[in-house]
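K.L.:
Okay, structure incoming, though there's no sequence with it:
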């Protein structure tokens, strides 16, 4: 999949266009030491080598999510993405439009397949991406060009964050409710920050762009709005105007259905 990576400044921060981001997350791994026997002085003398209780056990290699019987469907649109399960290996995101509803999924290098039903009802192309935010939370956003849904990957499964209205957190992609036209990420000092974007046309035909930071909890269960940043009087041909009407995050690969 060909990708483009560019960034433009918004009120002291940087808005980053979709592409591919290599990132490494910390996963869970189990370790253990097998004890085959005990050596005593009577067996081997006072100088026998005994286990060093002060020695630190060797770190086990991360193994990623456990393999599953399910796998990526044949013919699904797919793209390589950064590691999402902590084994240090790139994974694969895919979209299957042979199911109803469509299915977005990730198949990890360890052989696990995580699936997410796409409940968006838009008749056109559906798209999705997955990326790690600055706080380590791995999020997924699905959109149908009219709206978008937010999800997170926690303990090898998808969860849906709930907003302050006690409903699943969603995005407006067409300003239908006067609260958004797109989804993006801003580059901050320690990584990427999820943002809801809203671009509106001014009376002089220039555009204003509002970016609202979104904090997703580390357990993936909640999402709340934070700061807002405004860029005013953008010309119509400013790349940020078009970008604020799409869904992307940094260099994360976007996978899409055919739209047919």
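P.N.:
That came through fine. Model, not experiment: these values are computed from the prediction.

K.L.:
Which parts of the stretch 151-260 of the chain are strands?
P.N.:
157-159, 170-172, 182-188, 191-201, 207-216, 223-234, 255-256 (DSSP state E, counting those that start in this stretch).

K.L.:
can you redo those as a markdown table with mean pLDDT, mean neighbour count and distance to residue 95?
P.N.:
Any C-beta I mention is one placed from the backbone N, CA and C, and that applies to glycine too. Formatted as a markdown table, the strands of the stretch 151-260 of the chain follow (pLDDT from 0 to 100; neighbours: other C-beta atoms under 10 Å; distance: least, C-beta to C-beta, whole Å):
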| stretch | mean pLDDT | mean neighbour count | distance to residue 95 |
| --- | --- | --- | --- |
| strand 157-159 | 98 | 15 | 14 |
| strand 170-172 | 95 | 21 | 18 |
| strand 182-188 | 94 | 23 | 17 |
| strand 191-201 | 96 | 21 | 21 |
| strand 207-216 | 96 | 20 | 22 |
| strand 223-234 | 94 | 15 | 23 |
| strand 255-256 | 98 | 20 | 5 |
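
K.L.:
Quick one: closest of the ones you listed to residue 245.
P.N.:
Across the strands of the stretch 151-260 of the chain, residue 245 has its closest neighbour in strand 182-188 (4.9 Å, C-beta to C-beta).

K.L.:
List the contacts of residue 147.
P.N.:
Taking C-beta atoms under 8 Å, 6 or more residues apart in numbering, we find residue 147 in contact with 120, 122, 170, 171, 172, 173, 174, 176.

K.L.:
who does the third one bridge with?
P.N.:
Here residue 170 sits in beta bridges with residue 149, going by DSSP bridges.

K.L.:
Contact partners for it?
P.N.:
147, 148, 149, 150, 163.

K.L.:
ok, 10 Å please
P.N.:
120, 141, 143, 147-150, 160, 163, 177, 179-180, 196, 223 (C-beta atoms under 10 Å, 6 or more residues apart in numbering).

K.L.:
List just the nearest of the contacts of residue 147 to residue 137.
P.N.:
Ranked by distance to residue 137 (C-beta to C-beta), the contacts of residue 147 are led by residue 171 at 16.6 Å.

K.L.:
which one is the closest one nearest to, not counting chain neighbours?
P.N.:
Leaving aside its chain neighbours, residue 171 sits nearest to residue 148 (3.9 Å; criterion: C-beta to C-beta, 6 or more residues apart in numbering).

K.L.:
Show the contacting residues for the one you found.
P.N.:
Residue 148 neighbours (C-beta under 10 Å, 6+ apart): 120, 126-128, 141-142, 169-173, 180, 182-183, 196, 247.

K.L.:
Go again with 6 Å.
P.N.:
Residue 148 makes contacts with 141, 171, 173, 183, 247, as judged by C-beta atoms under 6 Å, 6 or more residues apart in numbering.

K.L.:
how many neighbours does the nearest residue to the fourth one once chain neighbours are set aside have?
P.N.:
The reference is to residue 183. In this structure, residue 183 finds its nearest non-sequential neighbour in residue 247, 4.2 Å apart by C-beta to C-beta, 6+ apart. Neighbour count of residue 247, defined by other C-beta atoms under 10 Å: 23.
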